[in-house]
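*Asks:* what follows is a predicted protein model with its sequence.
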Amino acid sequence: MANPIPNLFRAPELKQKILFTLLIMLVYRIGSQITVPGVDVVQLQAAAAQFDQTFLGVFDLFVGGGISRATIFALGIMPYISASIMFQLLSAVFPTVQKLQKEGEQGRKKLTQWTRYTTVVLCMAQGFGYASFLQGMPNVVNAPGMGFTVNTVLVLTVGGVFVMWMGEQITERGVGNGMSLMIFFSIIQSFPAAVYQTWEALTTDQMEIFELIVLLAVMVGITAGVVAMTMAARKIPIQIPRKVVGRGRIREGQKSHIPLRINSAGVMPIIFALSFMAMPATLAAFSSVGFLQDLTNFFQPQSWPYYITYALLIIFFTYFYTAIIFNPVDLAENLKKQGAFIPGVKPGARTAQYIERILTRVTLPGSVYLALIALVPSFMLDATGMQYFAFGGTSLLIVVGVGLDTVQQAQQHLLLRHYDGFMKKGRVKMRGRQRYM
């Protein structure tokens, strides 16, 4: 089971899941090449180059360039993710949402329904904003007006809802998480072009072979570090005491552990920090207020004020998002209900305090690690001057995280299939023995 890749297509169910996932992704990529009616793509790409450091540039990264090409899937899966994060954050404020999360399957279905309705509203709002943005640029829209706005909002809303449906289908019938895989494919679609540009720079003597070797070595080292930090966790040992179950049967005590990942927040702190750092440039692009222009110039990328502020925001949002998604009090209560305890720590409030203290300490190196990974592209740009190489910290974290999660799900499916086959053989042998007894 060390290398499951040769066995992926030997399991019929897993083969069907993989082919279904690839088919959905093919449909997604085809839709990402179809332009919204009435838009001049050439003029749009020429005008959109100035928005690389704005929020639109950040958004464009996660939709595979759909914003800069005005495709029917330009909104991508982001409205659905935004709605999901919205309800996740609201659970810490509104008891009703928190209660639904704890009600099991019925509560999750209700939250999923609310998330879908919110996704439709966000698609309409973002579609209207994008239509207004397109009409605000010269020579981009062939026939601006109310007709173009209504048509664009309708097309983008239908496209966003269809992308949401495809993501849910991948999660239910495919391999991996549908939302994450769509962002994964949106990011890696730019890799071939980046490789070609790097080769072109090497052949035209814009880059020396030694620089390429150093760059590849740095990429391999950083990728290995990201994999290690993604898998790293602080294990808190727990003890489950021996219990009497049923008619005098005794269940032996068990030892287990609670894994607290060093990077529990994933890539979300970087996304939040990017949004905040892109806000002054975004507002300045649509406004002539002098203060916004000065603020944008002060936080210019590849400057130390930008680096320091960006890193501090990532550290802050790492703690913030970890506190939202991880509740030590609930975990301590669940351990107490199961009769489990941490050796040397009293159940209840003391356990919650102990877990929170460890989580706070573990989150610090995780947040610093996220800040360093996010700043790697800027440092590489300063060192090499290669603006075209698509090796971003945010994209790297997403690609590695989604890739590891998908591989783990495939391994679990193969392991379950192997275990089922073993159990069937065992039952056949038992029946054979019973025949001769």
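*Replies:* Nice, thanks for sending it over.
*Asks:* every contact and neighbour count from this point should use C-alpha atoms.
*Replies:* Will do.
*Asks:* who are the contact partners of Phe341?
*Replies:* Listed by C-alpha atoms under 8 Å, 6 or more residues apart in numbering, the contact set of Phe341 reads 238-240, 335, 347, 351.
*Asks:* mind running it again at 10 Å?
*Replies:* For Phe341, the contact set (C-alpha atoms under 10 Å, 6 or more residues apart in numbering) comprises 237-241, 332, 335, 347-348, 351.
*Asks:* please report how far it lies from Pro237.
*Replies:* Here Phe341 is placed at a distance of 9 Å from Pro237 (C-alpha to C-alpha, to the nearest Å).
*Asks:* please apply the same query to Ser84.
*Replies:* Distance of Ser84 to Pro237, given as C-alpha to C-alpha: 32 Å.
*Asks:* looking at those two, which is more packed in?
*Replies:* Shown here are Ser84 and Pro237; by other C-alpha atoms under 10 Å, Ser84 has more neighbours (19 against 13).
*Asks:* tell me the spacing between that one and Tyr369.
*Replies:* Separation of Ser84 from Tyr369 (C-alpha to C-alpha): 26 Å.
*Asks:* circling back: can you add distance to Gly401, pLDDT and secondary structure and give the contacts of Phe341 back as TSV?
*Replies:* As requested, these are exported to TSV (distance: C-alpha to C-alpha, whole Å; pLDDT from 0 to 100; DSSP: H, G, I helix; E, B strand; the rest coil):
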residue	distance to Gly401	pLDDT	secondary structure
Pro237	25	87	strand
Ile238	27	86	strand
Gln239	30	83	strand
Ile240	31	77	strand
Pro241	35	72	coil
Ala332	28	86	helix
Leu335	28	83	helix
Pro347	34	84	coil
Gly348	33	84	coil
Thr351	30	88	helix
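*Asks:* counting by contacts, list what the helix or strand hosting Ile18 packs against.
*Replies:* Assigned by DSSP states H and E, Ile18 belongs to helix 12-31. Counting contacts by 3 or more C-alpha pairs under 10 Å, 6 or more residues apart in numbering; DSSP states H and E, helix 12-31 packs against helix 146-173, helix 178-188, helix 393-435.
*Asks:* same question for the first one, mean pLDDT?
*Replies:* The predicted model gives helix 146-173 an average pLDDT of 91.
*Asks:* cool, and the second one?
*Replies:* Per-residue pLDDT values across helix 178-188 average out to 83.
*Asks:* mind checking the SS state of Pro259?
*Replies:* strand (DSSP: H, G, I helix; E, B strand; the rest coil).
*Asks:* check contacts around it.
*Replies:* 232-237.
*Asks:* likewise for Ala217?
*Replies:* By C-alpha under 10 Å, 6+ apart, the contact list for Ala217 reads 211, 223.
*Asks:* how about residues contacting the helix holding Ile18?
*Replies:* 7-9, 32, 64, 66, 71-74, 76, 159, 162-163, 166-167, 169-176, 178, 181-182, 185-186, 189, 410, 413-414, 417.
*Asks:* can we see that at 8 Å?
*Replies:* Contact with helix 12-31 is made by 8-9, 71-73, 163, 166, 170, 173-175, 182, 185, 410, 413-414, as judged by C-alpha under 8 Å, 6+ apart.
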